[in-house]
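> Using only what follows, build the 3D model:
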Amino acid sequence: MGDELVARFRAVLATADGVFSRPPGSPAQVFRDLAAFADEHDLAWDRYGERGAVAQLEGEVAGLLGKPAAVMFPSGVMAQQATLRVWCDRSASHRVALPDLSHLVRYENDGPRRVLGLELEWLTSGRETPTAAALARVGGRLGAAMVELPLRDAGCLLPTWEELVELSAAARERGVPLHADGARIWESAPHWGRTLAEVGALFDSVYVSLYKGLGGTSGALVVCPEDLAGELRGWRQRMGGTIFSMTAAAVGGLIGLREHLAGFADQRAWAIELAAALNERGIRTFPEVPHIATFLAHAPGAAEELNERVVAHAEQHGVVASGMWRDSDVPGWAETELTCYEPALAHDPVEVAETMAGLVDGAAGF
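Below you'll find the model as predicted:
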């Protein structure tokens, strides 16, 4: 995508009605919201990750996931690397089984290996869901196994509940700590029709994000047993994450739990309706029936041409009715990720699908 087109897209996002974007608000408005919530709930400062709003958030998130403790980190990258290192130290093996599409593998500049000395083995490859059989294929002693729920780069793909239960049982029988990259676990639970605590019970530890889905400014937590929490706080300090205060991020997380947690089931249902309408109009989705409110859409055409139509339509009609496209692995096709949060629910999914199909076809009026 050219720089000029990117600039036009960003400019129109600031003023148009975005179907697939949650307006972030200006820094001033976000800070006002944080201050109002902190004032209303009489929240106190944390100091170096202890007490105050951080302690309150840790308690609430631990309760939701059914774990004895939670530890807040400034970033998910730090949270997950620290957690895997602790499990590996306990297991006397630095071998970790995880998906080859995992965020840790694709977006962390080889941090798990270069910073913490972990040895990575592939639990799954590509668009494959984790199973007990997949774990059995990874021989030898493992320090930990990790699953990403959902697997973002595979279209937010989730295993079935039965697969998860069997994987959990197999890991425990083998003595392998099972960790969940649950950045979007809030959005995943409706797919299984289970509570967050039921999901958490299958894992020895779970990482959650405060800004993915919950709309906070930053931050992450790991829910886990009490003794692991103490070790995680030690690694947080070693990695430079025990900063003077994380109160602002914690307040954002507390707001997100109250404002967004209850809406993910409805957003998933809307996404399923949209995907069905898109497939009827020749735009392929993956998964065909979305597992959460985020999924991939594939259409014939060149990404640059499709993006020009998306931006021009938004400039003319004041509605950003599609995500931006990128060229896919299939020659002649493009793909886009669609996230159906609250703004999407104000629109008819069939009408959105018709608009997207018109943009793909280059039809008059679009």
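> Count the residues that sit near the closest residue to Tyr211 other than its chain neighbours.
What sits nearest to Tyr211 in space, not counting adjacent residues and going by Cβ to Cβ, 6 or more residues apart in numbering, is Ser218, at 5.9 Å. C-beta coordinates here come from the backbone N, C-alpha and C atoms, glycine included. Close neighbours of Ser218, defined as other Cβ atoms under 10 Å, add up to 16.
> For Ser218, what are phi and psi?
Main-chain dihedrals, Ser218, degrees, to the nearest 10: phi -180, psi 180.
> all strands for the protein, in order.
Applying DSSP state E to the chain gives strands spanning 17-18, 69-73, 95-98, 119-122, 144-148, 178-181, 205-209, 220-224, 284-286, 294-300, 319-320, 326-327, 333-339.
> possible to save these as TSV with mean pLDDT, mean neighbour count and distance to Thr247?
Output for those, formatted as TSV (pLDDT from 0 to 100; neighbours: other Cβ atoms under 10 Å; distance: least, Cβ to Cβ, whole Å):
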stretch	mean pLDDT	mean neighbour count	distance to Thr247
strand 17-18	90	17	30
strand 69-73	98	26	10
strand 95-98	98	25	32
strand 119-122	97	16	35
strand 144-148	98	28	29
strand 178-181	98	26	25
strand 205-209	98	26	18
strand 220-224	98	29	14
strand 284-286	98	18	40
strand 294-300	98	21	29
strand 319-320	92	20	34
strand 326-327	94	14	37
strand 333-339	97	20	28
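> Next, format those strands as TSV and append distance to Leu158.
Shown next, in TSV, are those (distance: least, Cβ to Cβ, whole Å):
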stretch	distance to Leu158
strand 17-18	26
strand 69-73	23
strand 95-98	16
strand 119-122	19
strand 144-148	10
strand 178-181	11
strand 205-209	14
strand 220-224	19
strand 284-286	13
strand 294-300	11
strand 319-320	27
strand 326-327	23
strand 333-339	15
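> how about the ones you listed, which one is nearest Glu351?
Closest to Glu351 of these, according to Cβ to Cβ: strand 319-320, at 10.2 Å.
> Run through who's touching that closest one.
Strand 319-320 has contacts (Cβ atoms under 8 Å, 6 or more residues apart in numbering) with Val12, Leu13, Ala16, Asp17, Gly18, Val19, Phe20, Ser21, Val310, His313, Ala314, Thr355.
> Same check on stretch 93-113?
When contacts are defined by Cβ under 8 Å, 6+ apart, stretch 93-113 is touched by residues 76-77, 80-81, 84, 88, 117-128, 130, 135, 138, 140-148, 151-154, 176, 181, 183.
> Pull the distance from that stretch to the chain's centre.
A distance of 16 Å separates the C-alpha centroid of stretch 93-113 from that of its chain, computed with Cα atoms, centre = their mean, to the nearest Å.
> hey, C-alpha coordinates of it in PDB?
Output of stretch 93-113 as PDB, limited to C-alpha atoms (Å, rounded to 0.1, in the frame of the first residue of the first chain):
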ATOM      1  CA  SER A  93      14.100 -28.300  30.000                       C
ATOM      2  CA  HIS A  94      14.100 -25.200  27.800                       C
ATOM      3  CA  ARG A  95      12.200 -26.900  25.000                       C
ATOM      4  CA  VAL A  96       8.800 -25.300  24.300                       C
ATOM      5  CA  ALA A  97       6.200 -26.700  22.000                       C
ATOM      6  CA  LEU A  98       4.100 -24.000  20.300                       C
ATOM      7  CA  PRO A  99       2.400 -23.200  16.900                       C
ATOM      8  CA  ASP A 100       4.700 -22.100  14.100                       C
ATOM      9  CA  LEU A 101       2.200 -19.200  13.500                       C
ATOM     10  CA  SER A 102       2.500 -18.100  17.200                       C
ATOM     11  CA  HIS A 103       3.000 -14.400  17.900                       C
ATOM     12  CA  LEU A 104       6.100 -15.300  19.800                       C
ATOM     13  CA  VAL A 105       7.600 -16.800  16.600                       C
ATOM     14  CA  ARG A 106       6.500 -14.300  14.100                       C
ATOM     15  CA  TYR A 107       6.600 -10.900  15.800                       C
ATOM     16  CA  GLU A 108       9.100 -10.900  18.700                       C
ATOM     17  CA  ASN A 109      12.400 -10.700  16.800                       C
ATOM     18  CA  ASP A 110      13.400 -14.100  18.000                       C
ATOM     19  CA  GLY A 111      13.200 -12.900  21.600                       C
ATOM     20  CA  PRO A 112      12.200 -16.200  23.200                       C
ATOM     21  CA  ARG A 113      15.400 -17.800  21.900                       C
END
